[in-house]
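Peer 1: I'll drop the sequence and a predicted model, then ask my questions.
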Amino acid sequence: MTKIYEKAPAKINLVLDVLRKREDGYHEVEMVMTMVDLADRLTLEELQRDQIVLASQAGFIPLDEKNLAFQAAKLLKQRYGVKKGVYIYLDKQIPVAAGLAGGSSDAAAALRGLNRLWDLNLGVPELEALGAELGSDVPFCVRGGTALATGRGERLESLESPPQCWVVLAKPPINVSTADVYGRFRASEVGVHPSVPDMLAALREGSFDRMCGALGNVLEKVTLAHYPEVRQIKEVMTRLGADGVLMSGSGPTVFGLVSKESKLARIYNGLRGFCKEVYVVRMLT
Ligand code: ATP
């Protein structure tokens, strides 16, 4: 019995800018995204019967057609006429509805893993195109690394890895719906947009300080207005000495970039005082 293992890392947005709402209902975005080493783990096993079976230790995610990993398997089966089935075990480590693209990364890992399990021989560009049918963040999760994402998030340009640093993730005990945040977002109310060219220059130069200065997310204003705990976490992280602090995606997870290991214990312990879910991770290079 063949078994395949795939890691599905979380992503953070170093920049998230929304330019406008399009006629097709999607938002035109400009995002700089990178992966961190907090990951779900997928185990994929061939089933002789023609069925997709999904299981997980996490009790709070759908295990049916609503799950993005399930949808990835179904899409591949339909598109390539695969008659075999698959058992997918999803070891969920990424917090759900957190702004870390856990579901999108699971879908991407399922595409990568099933490509191998079912010998489909698809290249990364084909997997990215399939990913775009499942969700706007899935193509980036297929490609990994660090990238500029434009369009609705599906047009990708790979970038240099960010300068190495520590990433502290803090997720308050609330789930935020991405659709709700985008629903409340008004492009006309943004004011100052983050500078993507500045972030690209920071990455080219490998400048940690410039990267911290160029962090920006236009969805912060929307989420912070409804969830004061997110604002509080930002303030505490900054006070505790993180070098750059930003909400990821539509939130509520806040990340802090930290260059010196000696600062980590203070930041971690200070946050744990009122937020149970705190992770210290590295960026994946
Ligand atoms: P993004 O940053 O892309 O907006 P997110 O991190 O905010 O994503 P997810 O963790 O991907 O959010 O989950 C959002 C919703 O998607 C959940 O409430 C859940 O019902 C559904 N979902 C579908 N598939 C999965 C999956 N594999 N893992 C987690 N949630 C999933």
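Peer 2: Looks like it arrived, so ask away.
Peer 1: D91: how many residues sit nearby?
Peer 2: Using other Cβ atoms under 10 Å, D91 has 16 other residues around it. For every residue, glycine as well, the C-beta is placed using N, CA and C.
Peer 1: let me see the contact set for the closest residue to the ligand within the stretch 1-150 of the chain.
Peer 2: With Cβ to the nearest ligand atom as the measure, G103 is the residue of the stretch 1-150 of the chain nearest to the ligand, at 2.7 Å. G103 makes contact with I61, N67, L68, A69, V96, G135 under the criterion Cβ atoms under 8 Å, 6 or more residues apart in numbering.
Peer 1: what residues of the helix or strand where it lies count as buried?
Peer 2: Applying DSSP states H and E as the criterion places G103 in helix 102-117. Neighbour counts over helix 102-117 (16 or more other Cβ atoms under 10 Å) mark 102-115, 117 as buried.
Peer 1: quick check: residues of the stretch 1-150 of the chain near the ligand?
Peer 2: The stretch 1-150 of the chain comes close to the ligand at residues 61-62, 66-69, 96-104, 106, 137, as judged by Cβ under 6 Å from any ligand atom.
Peer 1: restricted to helices, list these.
Peer 2: Counting by DSSP state H, those place L68, A69, G102, G103, S104, D106 in helices.
Peer 1: quick one: distance of the next helix or strand after the helix holding G103 to the chain centre.
Peer 2: Following helix 102-117 in sequence order, the next helix or strand is helix 124-134 (DSSP H and E). Between the centre of helix 124-134 and the centre of its chain there are 16 Å (Cα atoms, centre = their mean, to the nearest Å).
Peer 1: list the contacts of helix 124-134.
Peer 2: When contacts are defined by Cβ under 8 Å, 6+ apart, helix 124-134 is touched by residues 68, 71-72, 75-76, 79, 104, 107-108, 111-112, 115, 122, 138-139, 141-143, 154, 156.
Peer 1: report the inter-axis angle for that helix versus helix 102-117.
Peer 2: Calculated by axes from the mean of the first three to the mean of the last three Cα atoms, to 10 degrees, helix 124-134 forms an angle of 140 degrees with helix 102-117.
Peer 1: downstream of helix 124-134, the next helix or strand is which one?
Peer 2: Sequence order places helix 138-143 as the next helix or strand after helix 124-134, per DSSP H and E.
Peer 1: whichever of the contacts of helix 124-134 end up buried, select them in ChimeraX.
Peer 2: The following ChimeraX line selects those of these that are buried, judged by 16+ other Cβ under 10 Å:
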select :68,71,72,75,76,104,107,108,111,112,115,122,138,139,141,142,143,154,156
